[in-house]
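Engineer: how would this look folded up:
(chains A and B)
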Amino acid sequence: MTAATAGRFEAAFAARGAGERPGIIPYVMAGFPGPGDTAPLLLAYERAGSLAAEVGIPFSDPLADGPTIQSIGWRALEQGMTPARAIAQVAEARAAGLTIPVAAMTYINPVLAMGVEAFAAACAAAGIDGVIVPDLPVDEAAGLAASLGAHGLAHIPLVAPTTPTSRVARVAATAAGFVYCVSVTGTTGARDRVSPAALDLLARVRSVTDLPRALGFGISRPEHVEALTGHCEAVVVASALLDAIGTGGDDPGATAERFIRGLRGVGAAG
Amino acid sequence: MTTAGRFGVYGGAFVPETLVPALEELEAAMTAALADPAFIAELDGWLRDYAGRPTPLTLARRLTEACGGAEIWLKREDLLHTGAHKLNNALGQVLLARRMGKTRIIAETGAGQHGVATATVCACFGLECVVYMGREDTHRQAVNVYKMGLLGAEVRPVDSGSRTLKDATNEAIRDWVTNVENTHYVIGSVVGPHPYPTLVKRFQRVIGDEARAQALERWGALPDLVVACVGGGSNAIGIFTAFIEDEDVELLGVEAAGRGIETGEHAASLEAGRPGVLHGAYSYLLQDADGQVRETHSISAGLDYPGVGPEHAALRDAERARYVSCTDGEALRAFHRLCRMEGIIPALESSHALAVAERRAGELGLGHRVLVCLSGRGDKDIDTVRAVGGTGEGTQ
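Structural biologist: Okay, the predicted model is just below:
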């Protein structure tokens, strides 16, 4: 099990053709839009041709998140979502045939509350392939990275436009799966354009590591994805997608598929 | 986990990567400034000529008689400009921010005292100032909201989460992540990521340094017991630090027991929490089994916070300081007693320390001295006290 999960990200990135648009990594907050919707949404993400998926485990005090994900996370908590239930939703999606890689994204306190080792074991058992913790900089991450590695899971660290290149190299040395590149100095949430600082960061990351680069925070439109061709291997799409699902009527899966295919620049049959 | 900025196992810097270079820059600037005699002289000058330091040490004469034991002495931070110890830190941090070339200042506030102190110093230096405050707290502390406006600051009400101090702190950190190039975040207590707990301690330790010197001068002796209230814990660290090496001086922190620890409606992180990460630091935290941060309650907005400074966690583990708690009702009764017996209207925060100090003064007995940090005055709490009603008579 563990060897197979560790390889899912590697295989997914290896399957991309040269010169292709960046792959899409759509995000879903566990328990969004309703408590039982996570597994069906993950399957819709796969049907839409996503490279991987990211599942948010809600936390009461999400420092790195903007208004969209804050309010969605708060609602998920009010409806009883917990880390254990969130992880179980991925297991449910795997049982229903999900094959794309899945990264869990949460904050360090829920991980500490479950216990770092127990958290890594639970993620591995559920078929999660990697973990992203935005409030755990490399200086504090050794313990979690070791536990994740022991369970065959990727520790996926973040780098930001403010990160000096020497530090990017230190961060990348602890990474597996991909390096999560934050496009803006700011929180999550849709933006109008991709900043020049993001392109600079992506180039700096490539100068110190061969790992795939996924750009996130603010990516919301097909033209963003197209413009990033050749600059990164994937983009993470969260707030704009969740906003679309939230306002898109009573079939979240269909709305998500349409949105993701649009980002990929392919038609309904793509 | 690394050892940078740790107090025992507590502290650290659990922040989004975007902020890491800013925290490193702050630490370097702090180290350089504190080693620069010109900076220290500038800070001391402002503390003396603008803030009103040193603050007096006052014997609570009638209260001591009523308790029938040790003498109760008050370190009068309530007499500092803006009415609380918060100004010590706001002055220090804004002077540091100016030295770093930052042009915009942000802060979080709960009771509003730290927001008012920060807005005051920004007015003094002509700096842009934005203060985040939970929507609930803007209602509870409307006078302080108005004051901040008078001082030229913009108050941004926060509607996320529980709409109180912890959410205002989240929002201030998010602002900082977004505007880190030109902005300094003046955090208001000994909480947050390294180097903040160390930086705020440095600017608040003047309370204890002065009190210790005043004690030696007035009594030729040190106090037997030092008592301070603990929310985040900056006035407590401020008065404890000078006495930490004095092993015979007992240090006692008082958290808010709210409606009683057993009701779950309190803010006693050290007494009823367990270690976790909030606002960038590992320390005691009121949280549920899944690590979600719990809502808190205290009649005093300044203590209504689910976390506590990491150095308090370490002092507790090392048994150098002890921590107890005091209910809303006990604090209110102490509030009224100080009003009626000493002619001093204390902040509800400080009233928690007074309640425990009175109890301990009786236990210690004659010939001993208790030093209480009277961290702020109670003008801001008048509406709260009036709403509860009564004068505390017959409740002694």
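Engineer: return the list of strands paired to the helix or strand hosting A:I24, each annotated with direction.
Structural biologist: For A:I24, the host element (DSSP states H and E) is strand A:23-29. Sheet pairing of strand A:23-29 (DSSP bridges) gives strand A:53-56 (parallel), strand A:234-237 (parallel).
Engineer: how about the residues of the stretch 101-250 of chain B near chain A?
Structural biologist: B:S160, B:G161, B:K166, B:D167, B:N170, B:I173, B:R174, B:V177, B:T178, B:N179, B:V180, B:E181 (Cβ under 8 Å from any Cβ of the partner chain). Yep, even glycine has a C-beta here, placed from its N, CA and C like the rest.
Engineer: and the residues you listed, which two are furthest apart?
Structural biologist: Greatest spatial distance among these (Cβ to Cβ): B:G161 and B:E181, at 26.9 Å.
Engineer: hmm, A:V102 is touching A:E54, no?
Structural biologist: Yes: using Cβ atoms under 8 Å, A:V102 makes contact with A:E54 at a distance of 7.4 Å.
Engineer: show me the helices in the stretch 101-250 of chain A, by range?
Structural biologist: For the stretch 101-250 of chain A, the helices defined by DSSP state H, counting those that start in this stretch cover A:108-114, A:116-126, A:142-150, A:165-173, A:196-208, A:222-227, A:239-247.
Engineer: assumed B:F39 was part of a strand.
Structural biologist: No: going by DSSP: H, G, I helix; E, B strand; the rest coil, the assignment for B:F39 is helix, not a strand.
Engineer: how about the helix or strand following the strand holding A:I24 as PDB, C-alpha atoms only?
Structural biologist: Sequence order places helix A:38-47 as the next helix or strand after strand A:23-29, per DSSP H and E. Taking Å, rounded to 0.1, in the frame of the first residue of the first chain, the C-alpha atoms of helix A:38-47 are listed here in PDB:
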ATOM      1  CA  THR A  38     -16.600  15.000  -0.700                       C
ATOM      2  CA  ALA A  39     -16.200  11.500  -2.200                       C
ATOM      3  CA  PRO A  40     -18.500  12.200  -5.200                       C
ATOM      4  CA  LEU A  41     -16.700  15.500  -5.800                       C
ATOM      5  CA  LEU A  42     -13.300  13.800  -5.800                       C
ATOM      6  CA  LEU A  43     -14.600  11.300  -8.500                       C
ATOM      7  CA  ALA A  44     -16.000  14.200 -10.500                       C
ATOM      8  CA  TYR A  45     -12.500  15.900 -10.300                       C
ATOM      9  CA  GLU A  46     -11.000  12.700 -11.700                       C
ATOM     10  CA  ARG A  47     -13.600  12.400 -14.500                       C
END
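Engineer: show me what helix A:38-47 is packed up against.
Structural biologist: In terms of contacts (3 or more Cβ pairs under 8 Å, 6 or more residues apart in numbering or on different chains; DSSP states H and E), helix A:38-47 is packed against strand A:23-29, strand A:53-56, helix A:83-95, helix A:252-264.
Engineer: could you rerun that using 10 Å?
Structural biologist: Secondary-structure packing of helix A:38-47 (3 or more Cβ pairs under 10 Å, 6 or more residues apart in numbering or on different chains; DSSP states H and E): strand A:23-29, strand A:53-56, helix A:83-95, strand A:102-105, helix A:239-247, helix A:252-264.
Engineer: format those as CSV; extra columns: mean pLDDT.
Structural biologist: Output for these, formatted as CSV (pLDDT from 0 to 100):
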stretch, mean pLDDT
strand A:23-29, 98
strand A:53-56, 98
helix A:83-95, 98
strand A:102-105, 98
helix A:239-247, 94
helix A:252-264, 96
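Engineer: need these in a markdown table (columns: distance to B:V226 and mean neighbour count).
Structural biologist: Formatted as a markdown table, these follow (distance: least, Cβ to Cβ, whole Å; neighbours: other Cβ atoms under 10 Å in any protein chain shown):
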| stretch | distance to B:V226 | mean neighbour count |
| --- | --- | --- |
| strand A:23-29 | 47 | 26 |
| strand A:53-56 | 45 | 27 |
| helix A:83-95 | 41 | 20 |
| strand A:102-105 | 45 | 26 |
| helix A:239-247 | 49 | 20 |
| helix A:252-264 | 58 | 21 |
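Engineer: follow-up on the earlier one: between the residues of the stretch 101-250 of chain B next to chain A, which is nearest chain A?
Structural biologist: Lowest distance from chain A to those (Cβ to the nearest Cβ) belongs to B:T178, with 4.1 Å.
Engineer: from what I can see that closest one touches A:R191, true?
Structural biologist: No: using Cβ atoms under 10 Å, B:T178 is not in contact with A:R191; the gap is 11.4 Å.
Engineer: contacts only, for A:R213.
Structural biologist: A:13, A:22, A:159, A:172, A:178-181, A:201-203, A:205-206, A:228, A:231-235 (Cβ atoms under 10 Å, 6 or more residues apart in numbering or on different chains).
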